[in-house]
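Student: I would like the atomic coordinates for the input below:
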Amino acid sequence: MEKRIILRGVIAGAVAGLLAFVFARIFAEPQIQAAIDYESGRDAAQGALDKAAGLPMDMGGPDIFSRTIQANIGIGVGMVLFGTAMGALFAVAYAICLGRTGRIRPRGLAMLVALGGFLGVYFVPFIKYPANPPSIGHPDTIRDRGNLYLAMVVCSLVFLVLAVWLGKRLQGRFGNWNATLIAVGSYVVAIGIVMAVLPSLGELSDNVQEFGHHATETPLPLTDPQGAIVYPGFPADTLFTFRFLSVAAQLVLWSTLGLVFGPMAERLLNPRGAAATAPVSAGPEPVAAA
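Tutor: Next up is the predicted model:
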């Protein structure tokens, strides 16, 4: 049974990843291209300043893959693989929740697990460390940024599991509604403490040493030695739109995962009920005797 549930999760995840890619390709890709154009213009301005100051210029290297391949095959394969992996984890969580959530129907349980996955895996970590388009983030902080984001994801998932456990333990004493409020409040307090303890990206040691104290790694205006602005900071509209669309793409992925997985799980777990709701053919009309 568990293998069949996981297989359905993998299928639903692949479909969800594909739909999320289509959404991101249509809406988010222009924002990515705008960020790349900004980075190219800023690099050219920085190169001009370095040349005027007699400093060695960083020529960079050629791109291994073209933008066309990156924007289509690269992102598409990545989103489908990510959706497949999330679908497998989703199915495991779904199997664990079976029989432990009262009389919730398979489709309803699928949507609840999808909501928990969206919040725990993506949205709560996003609040502390939101997604950034290209040209935001410094190469020296890639490892630190990855470790911090992973820590947020792990803490979010662990606290989410503990909150569900706490709610079940308190249900008999405080009732379902009050136990749910206590569990949610405990989760919010715990994850809030983690967010307060973990540093902001602008306060990482490499950033402070080179750029001073800032809240984020968003590029500030580029200035010449006299302090005049020669290239603007990263556009706020592009940053906001990219982050908004990132959340929307994840919402598409997790919603599709729950909606596609739910009916498959219901047919697997309750085949008699699925057959009972299917339309029954009346068959041909009897021919009247002459």
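
Student: CA atoms for contacts and neighbours, from now on please.
Tutor: Noted.

Student: can you show me the helices along the stretch 1-150 of the chain?
Tutor: 2-23, 29-52, 67-69, 75-97, 106-117, 124-128, 142-197 (DSSP state H, counting those that start in this stretch).

Student: save the ones you listed as a markdown table, and put in mean neighbour count and distance to G212 too.
Tutor: Output for the helices of the stretch 1-150 of the chain, formatted as a markdown table (neighbours: other CA atoms under 10 Å; distance: least, CA to CA, whole Å):
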| stretch | mean neighbour count | distance to G212 |
| --- | --- | --- |
| helix 2-23 | 22 | 37 |
| helix 29-52 | 16 | 19 |
| helix 67-69 | 11 | 33 |
| helix 75-97 | 20 | 34 |
| helix 106-117 | 20 | 36 |
| helix 124-128 | 19 | 20 |
| helix 142-197 | 16 | 17 |
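
Student: out of these, the one nearest L257 is which?
Tutor: For L257, the closest of the helices of the stretch 1-150 of the chain is helix 2-23, at 5.4 Å, according to CA to CA.

Student: now do that closest one against helix 75-97, angle only.
Tutor: 140 degrees (axes from the mean of the first three to the mean of the last three CA atoms, to 10 degrees).

Student: do me a favour and average the pLDDT over stretch 241-257.
Tutor: Mean per-residue pLDDT for stretch 241-257: 97.

Student: before we move on, what about stretch 2-19?
Tutor: 95.

Student: next one: T141 from E210, what distance?
Tutor: Applying CA to CA, to the nearest Å, the value for T141 to E210 is 12 Å.

Student: can you check V121 too?
Tutor: Counting by CA to CA, the gap from V121 to E210 is 32 Å.

Student: so who does the residue lying closest to V80 once chain neighbours are set aside touch?
Tutor: Spatially, and ignoring its direct neighbours in sequence, V80 is nearest to G17 (4.2 Å; CA to CA, 6 or more residues apart in numbering). By CA atoms under 8 Å, 6 or more residues apart in numbering, the residues touching G17 are 79-84, 253.

Student: now the two most distant members of these.
Tutor: Top of the distance list for the contacts of G17 (CA to CA): L81 and L253, 12.0 Å.

Student: on that earlier part again, next, format the contacts of G17 as a markdown table and append distance to L49.
Tutor: Formatted as a markdown table, those follow (distance: CA to CA, whole Å):
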| residue | distance to L49 |
| --- | --- |
| M79 | 39 |
| V80 | 42 |
| L81 | 42 |
| F82 | 41 |
| G83 | 44 |
| T84 | 46 |
| L253 | 44 |
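
Student: of those, which is the nearest to L269?
Tutor: Nearest member of the contacts of G17 to L269, counting by CA to CA, is T84, at 21.6 Å.

Student: show me what contacts that closest one?
Tutor: 9-14, 17.

Student: closest one of the contacts of G17 to E2?
Tutor: The closest of these, once distances to E2 are taken by CA to CA, is T84, at 16.5 Å.

Student: where does the stretch 151-290 of the chain have low pLDDT?
Tutor: 272-290 (pLDDT under 70).

Student: my guess is F90 meets G117, correct?
Tutor: Yes. Taking contacts as CA atoms under 8 Å, F90 lies within contact range of G117: 7.3 Å.
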